[in-house]
Structure formats: C-alpha cells, structure tokens
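Engineer: sequence and predicted model, in that order:
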Amino acid sequence: MSSTTWSPTAVGRDRLLRRLQDYGVYGALVVLLIVAVALNSGFMSASNWRVQLFQLSPTLLVALGMALVIGTEGIDLSVGAVIALAAAVVPLYIGYGAWPALGIALLLGAASGSLGGSMVAFAGVQPIVATLALMIGLRGLAELMNGDAAKPVVDSTLLGLGENSALGVPVMAWIALAAAVITGLVMRLTTFGRQLVAIGDNRPASRLAGLPVRRVLITVYVISGVLSALAGALIVGHGAEADPANQGLNMELNAITAVVVGGTPLTGGRVRVLGTVAGALFMQLITAVLTQHNVHTSYTQIVEAAIICFAVYASRERGTR
C-alpha cells in the first residue's frame, strides 16, 4: 500500500471519521438539545415532547425496517407507498373491527415486501429499481382503492393507538420503542442478525459459505413492509382519516436519512439500531427547532440536505478503508 495510506495524517483522519460515524449523532443530538433549550425555554416541556414523539414514531418504525434493508446493501423506496396502501385498506375493513383491519394492512405490507425481496433475491433486480417500481405501482393502487377524497376513520380502538398516551408517552411511541428494542435484540442475539450483516458485507462469499442469502434478503424486505404498514395504520389513527394521496409522501427519504445519519453505511455490512433511533430523533428535532423559529421550509430542507451529505461522506470514507 502507498505511504500516504499509512501516514499519521491519514490514520488520524480515519480515526476521526470512525468516531464521527460511531458517536457523532449522539454528540450532535446533545448540542442540538442545548441550542433548542437556549432558544426556547419551553422546548423540554411535556406538551412539546408529546408532539415531537407523535411525529417521530412513524418515521422511526419505517427507519428500523430501512436499516435492516440497508444492512444487506439494499434500499427500499416503496415504504411510503406501503404506508399509503395501508391507509387505503384500513377504511375498507374497519367495519370488521380495528384489529382485523390492522391485520389485513400488515399482511399487505408483508406481501409488498415479499414481492420486492423476491425481485432482488431471485430475479437479481437492483434493489433501487425493484422498489422504485413498487413505489409507483403501490401508490397508484392505493389511490385507486381510496378514491379521490380523504376518508374519515372513527374507530375508537384505532384512534386510541394513534392519539392516546400511556404514562405521558404516546402509545404509538411505545410501539416504536418496542420495535426498536426487538430489532436491536434480533441484530445482537440471533443467527439471522449475524447472517444479515455477513450478507451485506460480502454477498458472494456468504453464498459460497452456505448462508441462506435469498431467505434473508426476502425477510428484511418483508420486515420493512410490515413496519411501514404499521406506521401507515398509526398515521391514519392519529389523523382520524385515510388520505393515500398524501400520507407517506417522502417517508422513504426521511427513513434513509435517519439510518445514514445514525451511522449505518449505505455499503451494507452493518446495522446501527440505536444510531437509527438517534438519527430519527435528531432529524425530527432539527425540523422542530427550525419550524418553531419560523424558518422557511426551503431553508429547513437545505439544512437537512447538508446533514445528509456529511453523513454519507463519513459513511463512504469509512467504507473505503
């Protein structure tokens, strides 16, 4: 290797990038909270945090599934469309009760994920192409199922999941937290988690080693679809209406941002669950702080874009060393 690669400057730069990727999001989150409190003394109030958690929870659910997909060196652009599909299905079956309607939505999410995963695992279609096709098709299907106008949803059980709180924390936030804990345990303690990381790190070698590559790939897309459908149902419950034309828009971008900012490299081979939680929270609070101080949406998007570029740069640099 060249002397430049092993120079003290290069080594120091590599260590700095590693630390930024591993711990940068936590430090940035602390700094952001300090700034937010300095600018608004009521930022840490229970009412404000309740609002933030309501807005954060669907994004976190989707981001957890996205993190698993990215861990296999894939991407899932269909998550927003799956949210729309779940939103379209819930009103159609809510007459049978909230749980049957929710179950059908989750089954459709699993079916959507299975279709995308099968295209990747068996047909060899690039993940971005397979899930882009699903994104377009499922969004169109959702709008056809729902019609032109938003439909109200008045089921008390579903509204309770979307609007009620337990111990001062929104129920949907507890659901997202439970999903994060389960995802973390799966990645840390199960064979599936180790196989996922190995496949993302080197798929050909994993196949030669006898790992169930296709099964794992399909499973991560199914998990992503189920979590997205769950997020869609909770969004419907929180807003008390189903509007597939608008619900879930840009959610794939929000989820990818949370995952990348949280330290999971786009090159695969690693999944940072706690980092994903921190990344989702960081991006939510960035938006909240700027919005509360009447910063125009355009400037908010520019700030978010700059954060994404920096996170991707750190991830790329690490992946090449």
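Structural biologist: Now that the structure is in, tell me what you want to look at.

Engineer: going forward, measure contacts between C-alpha atoms and count neighbours the same way
Structural biologist: Will do.

Engineer: and the end-to-end length of stretch 253-271?
Structural biologist: 18 Å (C-alpha to C-alpha, to the nearest Å).

Engineer: likewise stretch 244-260?
Structural biologist: End to end - C-alpha to C-alpha - stretch 244-260 spans 27 Å.

Engineer: do I have it right that Pro180 meets Leu64?
Structural biologist: Quick fix: residue 180 reads Ala, not Pro. Yes - if you go by C-alpha atoms under 8 Å, Ala180 and Leu64 touch, sitting 6.8 Å apart.

Engineer: low pLDDT regions in the stretch 101-250 of the chain?
Structural biologist: By pLDDT under 70, the low-scoring segments of the stretch 101-250 of the chain are 148.

Engineer: now do the helices in it.
Structural biologist: Here the stretch 101-250 of the chain has its helices, by DSSP state H, counting those that start in this stretch, at 127-146, 156-163, 171-189, 191-201, 203-208, 213-239.

Engineer: was I right about Leu274 contacting Leu185?
Structural biologist: No - Leu274 lies out of contact with Leu185 (C-alpha under 8 Å); the separation is 10.9 Å.

Engineer: show me what contacts Arg207?
Structural biologist: Arg207 is in contact with Ile199, Val213, counting by C-alpha atoms under 8 Å, 6 or more residues apart in numbering.

Engineer: and for the one 4 residues further on?
Structural biologist: With contacts taken as C-alpha under 8 Å, 6+ apart, Leu211 has the following neighbours: Gln195.

Engineer: and it, how far from Ala149?
Structural biologist: Using C-alpha to C-alpha, we find Leu211 at a distance of 47 Å from Ala149.

Engineer: check Ala255 too.
Structural biologist: 27 Å.

Engineer: who has more neighbours out of Leu274 and Leu185?
Structural biologist: Per other C-alpha atoms under 10 Å, whichever of Leu274 and Leu185 has more neighbours is Leu274, with 18 against 13.

Engineer: who touches the more buried one in this structure?
Structural biologist: Ala180, Gly184, Gly262.

Engineer: quick one: which of these is nearest Asp243?
Structural biologist: Ala180 (26.8 Å; C-alpha to C-alpha).

Engineer: please name the bridge partners of the nearest residue to Val236 once chain neighbours are set aside.
Structural biologist: Of all residues not flanking Val236 in the chain, Ala242 sits nearest, at 5.4 Å (C-alpha to C-alpha, 6 or more residues apart in numbering). Residues in a beta bridge with Ala242, per DSSP bridges, are Lys151.

Engineer: Ala242 contacts Ala88, doesn't it?
Structural biologist: Yes - taking contacts as C-alpha under 8 Å, Ala242 lies within contact range of Ala88: 6.3 Å.
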